[in-house]
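S.K.: here are the coordinates; sequence isn't available:
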């Protein structure tokens, strides 16, 4: 089985964040856009309305003048060197800029810890 560090980080974050959010845990959810890379699944996803570049997670709670929080998960930084290897694609950069223009906060998080910190900071 291949390692998927980004997936594992996202699952870890979701588990902790939903406990933290308690009765509002349903307001944090994943946005499935991983199928947009082509092939049958990609066309199917595009036909259903999925859009490339949309961040991985959305918290539908307004805070601090924002309508909600989008989180783009990347694999965690190397624990020893702290080097970040996950890259933000041009499509993701463009989409996040557009979302920010519309009043949403967007963050890129390298691992579950960074995502949890971003969530806590956003909620105040």
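M.R.: All right, it came through fine. Fair warning: this is a prediction, and the values are worked out from it, not measured in the lab.

S.K.: Which strands or helices does the helix or strand hosting residue 122 pack on?
M.R.: When secondary structure is defined using DSSP states H and E, the element that contains residue 122 is helix 112-123. When contacts are defined as 3 or more CB pairs under 8 Å, 6 or more residues apart in numbering; DSSP states H and E, helix 112-123 packs onto helix 5-21, strand 57-59, strand 69-74, strand 105-110. For glycine as for every other residue, the C-beta is placed from the backbone atoms N, C-alpha and C.

S.K.: Tell me how far the longest one lies from the chain's centre.
M.R.: Remark: helix 5-21 is offset 11 Å from the chain centroid, using CA atoms, centre = their mean, to the nearest Å.

S.K.: So that it lines up with my notes, have the first residue be 164 from now on.
M.R.: Shifting the count to begin at 164 puts that one at helix 168-184.

S.K.: In contact with the residue lying closest to residue 280 once chain neighbours are set aside, which residues?
M.R.: Leaving aside its chain neighbours, residue 280 sits nearest to residue 272 (8.0 Å; criterion: CB to CB, 6 or more residues apart in numbering). Contact partners of residue 272, counting by CB atoms under 8 Å, 6 or more residues apart in numbering, are 176, 234, 235, 236, 237, 278, 280, 281.
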